[in-house]
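Visitor: any chance you could fold what I've pasted below:
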Amino acid sequence: MNKTDFAHLVAEKSGMKIYEIESVLNAFCEAVCEVLASGDHVKLVGFGTFEMVRRQATVGRNPRNGQVVKIPATNVAKFKPGKFMKETLNGVE
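Guide: Alright, predicted model coming up:
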C-alpha cells in the first residue's frame, strides 16, 4: 500500500476529505523527520516508537568484483512497535 492508498483508507475511516488526510500525513512525516534529526525520539503510546540510531562504519565487499569497500557511519531511523500494534498483528484482542 502506498501513501495515496493509505490516505484514502484513513479518509474513509475518519470521514475526512482526502486532501486533509494527505496534508496531515505530509505534516506527520515532516515532523517525525525533524524530531529524529534533532536527536530526540517520537513515542506514540500503543502504536510504537520512532528513534534515530547511529550505524557504525564498516568494511564490505562489492559483490560484482569482490573489491573491499569502506561503508561510512550513518544515521538510520528505527521503529519499535508498541503493545497495541503487536497484539493486533498477532491476533490478540
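Visitor: rest of the way, CA atoms for contacts and neighbours
Guide: Will do.
Visitor: low pLDDT regions in the protein?
Guide: For the chain, applying pLDDT under 70 flags the ranges 93.
Visitor: which parts of it are strands?
Guide: Here the chain has its strands, by DSSP state E, at 42-44, 48-55, 58-61, 68-71, 74-81.
Visitor: now render the ones you listed as TSV, adding mean neighbour count.
Guide: Formatted as TSV, the strands of the chain follow (neighbours: other CA atoms under 10 Å):
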stretch	mean neighbour count
strand 42-44	14
strand 48-55	15
strand 58-61	11
strand 68-71	11
strand 74-81	13
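Visitor: including distance to Leu36, could those go into CSV?
Guide: Shown next, in CSV, are those (distance: least, CA to CA, whole Å):
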stretch, distance to Leu36
strand 42-44, 8
strand 48-55, 6
strand 58-61, 23
strand 68-71, 22
strand 74-81, 8
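Visitor: these: which one's closest to Thr88?
Guide: strand 74-81 (10.7 Å; CA to CA).
Visitor: export the closest one as CSV, just CAs?
Guide: Extracted in CSV, the C-alpha atoms of strand 74-81 (Å, rounded to 0.1, in the frame of the first residue of the first chain):
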residue,chain,number,x,y,z
THR,A,74,25.4,6.8,9.1
ASN,A,75,22.2,7.7,11.0
VAL,A,76,19.2,5.5,10.3
ALA,A,77,15.6,5.6,11.5
LYS,A,78,14.4,2.7,13.7
PHE,A,79,10.8,1.8,14.6
LYS,A,80,9.8,-0.3,17.5
PRO,A,81,6.1,-1.4,17.6
